[in-house]
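Student: just need the structure, nothing else, for what follows:
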Amino acid sequence: MIQVFKFVKGVDRVNPSRLFNFNVDRRTRGHPYKMVKPQAKKPARSNCFSVRSVNSWNSLPADVVAAETVNTFKSKLDNHWRALEYSPSPT
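Tutor: Numbering: from 1, shown residues only. Predicted coordinates:
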């Protein structure tokens, strides 16, 4: 997720649109950096980084994705994942 954040925020000098397709429909729930998962026509493509990371990225809350720096993102991501790990399951 850290690498996806770096691509999206422009920290790494890679054009994110070459790896990911961003959702242009702004009416979606969640954060404004939602991505569209590309269809993998071959099994090898489904293991590609740009396909595997979309679901995890889209499931992040807006406050995590909106972090200003990589370190802030790391901290918020850790807190988010810890909260998921320790959240009580509904019975």
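Student: centre of the chain versus the worst-scoring helix or strand of the chain on mean pLDDT, how much separation?
Tutor: One helix or strand of the chain scores below all others by mean pLDDT, DSSP states H and E: strand 21-22, with a mean of 71. Distance of strand 21-22 from the chain centroid (CA atoms, centre = their mean, to the nearest Å) equals 11 Å.
Student: so what does it touch, helix or strand wise?
Tutor: strand 35-36 (3 or more CB pairs under 8 Å, 6 or more residues apart in numbering; DSSP states H and E). To be clear about C-beta, it is placed using only N, CA and C from the backbone, and glycine gets the same treatment.
Student: show me how far the strand it packs on is from its chain's centre.
Tutor: Here strand 35-36 is found 9 Å from its chain centre; the criterion is CA atoms, centre = their mean.
Student: helix, strand, or coil at residue 40?
Tutor: Put simply, residue 40 is coil when judged by DSSP: H, G, I helix; E, B strand; the rest coil.
Student: quick check: chain neighbours aside, which residue is closest to it?
Tutor: Of all residues not flanking residue 40 in the chain, residue 46 sits nearest, at 3.8 Å (CB to CB, 6 or more residues apart in numbering).
Student: okay, the one you found: pLDDT?
Tutor: Turning to residue 46, the model gives it a pLDDT of 75.
Student: that one against residue 37, yeah?
Tutor: No - using CB atoms under 8 Å, residue 46 makes no contact with residue 37, being 10.1 Å away.
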